[in-house]
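> generate coordinates for the sequence data below:
(one chain, ligands or ions: 1)
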Amino acid sequence: MKILITGSKGQLGSELVDLLSKENEVHGFGHKELDITDKNRVINTVSKIVPDIVIHCAAFVDADGCESNIKTAFDVNTVGSGNVAIASKKTKSIMVYISTDYVFDGKKTSPYLESDIPNPINIYGISKYGGELIVKNLLNKFFIVRTSWLYGKGGKNFVNIILRLVRDKKELKVVNDQVGSPTYVPDLAKAISALISTNYYGIYHITNSGECSWYEFAKKILEYVKIKNVKVTPISTEELNRPAPRPKYSVLRNFNLEKKKIYKMRNWELALKDFFKK
Ligand SMILES: NC(=O)c1ccc[n+]([C@@H]2O[C@H](COP(=O)([O-])OP(=O)(O)OC[C@H]3O[C@@H](n4cnc5c(N)ncnc54)[C@H](OP(=O)(O)O)[C@@H]3O)[C@@H](O)[C@H]2O)c1
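Numbers count the residues shown, from 1 in each chain. Predicted structure coming up:
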């Protein structure tokens, strides 16, 4: 297959380029090569390649940054995704739109299903949900993949931040009242690879299974890297006082992925252990 990937220098984009290049013709575009807010560039680039599949990973992902840069959040996450959808429609390409657990408000107490109605509570979530709506309304052949709490070898993610902080801190204060599912980027990339080999279009939740709070996640990281001399103290979201409100519970259930027997995601603790082993 011919596959075009936006945001190809990001955590997920770069992993997908590596994985999918083994068996496909992959054209990756980083931010500098293709700014998705430039509609004409997006249309010209996609039209030149005419890919079978467009995997749209580019996004403005900093939830706090989105609160203070509302225009950029909507320009990139909503309008920019719309540009990618318009281009995909012109070339009749299948589009994969990567979305987020933050489209939900976090009021549920059991894992969110694909059939649950989004109700985002911060600018990042609203702008990403805007992208979902455009993709869903404009295209017939699309996959919307909602995922959460990504980490992998590169990039600014929770695992790398914790590992950096423990170098010179003896205590970490970590939020204990937000619960989600940490997701290992290579696992997600494999599931996306399996998904795009089907024609079961629609909305999918794809995360590692199981759930934890950020505090529990931090404790597990330190346990696996065998750091015993750093104290981890649980705090509330209120105490941390970040600009973007966060859903208290954003666990996603991989219902459609499992029902259609496309791919089975392993437990987040197994994936984390594997990450450190590698
Ligand atoms: N990270 C998470 O925990 C998480 C959770 C749920 C869902 N997601 C979704 O998963 C997808 C991949 O996230 P990720 O973790 O791989 O994020 P990432 O590492 O930040 O990658 C996103 C990439 O998009 C690029 N980008 C930003 N604005 C752009 C623009 N206007 N045009 C083109 N490229 C642009 C960024 O480039 P610069 O850095 O140069 O700006 C970056 O390389 C995103 O759709 C995100 O919403 C992520």
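> which strand residues bridge the closest residue in space to Leu252 that isn't next to it in sequence?
Spatial nearest neighbour of Leu252, chain neighbours left out: His205 (3.7 Å); criterion: C-beta to C-beta, 6 or more residues apart in numbering. Where you see a C-beta, it was placed from the backbone N, CA and C, and this is true even at glycine. For His205, the beta-bridge partners are Arg146 (DSSP bridges).
> how about the strands in the stretch 151-278 of the chain?
171-175, 179-180, 183-184, 202-205, 212-213, 231-235 (DSSP state E, counting those that start in this stretch).
> neighbours around the residue nearest to Leu252, how many?
26 (other C-beta atoms under 10 Å).
> surely it meets Leu257?
Yes - the pair formed by His205 and Leu257 meets the contact definition of C-beta atoms under 8 Å, at 7.1 Å.
> before we move on, back to that, show me what contacts the residue nearest to Leu252?
112-114, 146-147, 252-257 (C-beta atoms under 8 Å, 6 or more residues apart in numbering).
> ok, 6 Å please
Taking C-beta atoms under 6 Å, 6 or more residues apart in numbering, we find His205 in contact with 114, 146, 252, 254.
> pick out the residue in this structure sitting closest to the ligand.
Gly10 (2.0 Å; C-beta to the nearest ligand atom).
> for that residue, give me phi and psi.
Dihedral pair for Gly10: phi -80, psi -180, per degrees, to the nearest 10.
> all numbers from here: first residue = 36
Renumbered: residue one is now 36, and that last one reads Gly45.
> quick check: closest non-adjacent residue to it.
Cys92 (5.7 Å).
> just checking, the one you found touches Leu47?
Yes - counting by C-beta atoms under 6 Å, Cys92 does reach Leu47; the two are 4.9 Å apart.
> neighbours of the residue nearest to Gly45, how many?
25.
> longest helix of this structure?
In the chain, taking DSSP state H as the definition, the longest helix is helix 158-173.
> who are the packing partners of it?
helix 98-103, helix 105-108, helix 116-125, strand 129-135 (3 or more C-beta pairs under 6 Å, 6 or more residues apart in numbering; DSSP states H and E).
> of those, which is nearest Ile231?
strand 129-135 (6.4 Å; C-beta to C-beta).
> just give me how far that closest one sits from the chain centre.
10 Å (C-alpha atoms, centre = their mean, to the nearest Å).
> strand partners (parallel or antiparallel) of it?
Strand 129-135 is paired, per DSSP bridges, with strand 88-91 (parallel), strand 177-182 (parallel).
> right, is the longest one up against the ligand?
Yes - shown here: strand 177-182 in contact with the ligand (C-beta under 6 Å from any ligand atom) through Thr182.
> got a list of contacts for that strand?
130-134, 167, 170, 218, 223, 230, 236, 238-242, 287.
> same check on the shortest one?
For strand 88-91, the external contacting residues (C-beta under 6 Å, 6+ apart) are 38-41, 51, 119, 123, 128-132, 231.
> 8 Å instead, please
36-42, 48, 51, 71, 81, 116, 119, 122-123, 128-133, 227, 231.
> now do stretch 97-111
So stretch 97-111 is contacted by 71-72, 93-95, 112, 137, 157-160, 162, 165, 277-279, 281 (C-beta under 8 Å, 6+ apart).
> over to stretch 46-60?
Against stretch 46-60 from outside (C-beta under 8 Å, 6+ apart): 36-38, 40-43, 61, 63, 65, 90, 92-93, 133, 185-187, 189-190, 192, 220-221, 223-225, 227-228.
> what's around the residue lying closest to Gly165 once chain neighbours are set aside, how many residues?
Residue nearest to Gly165 in three dimensions, not counting chain neighbours: Thr113, with 3.3 Å by C-beta to C-beta, 6+ apart. Residues near Thr113, counting by other C-beta under 10 Å, number 18.
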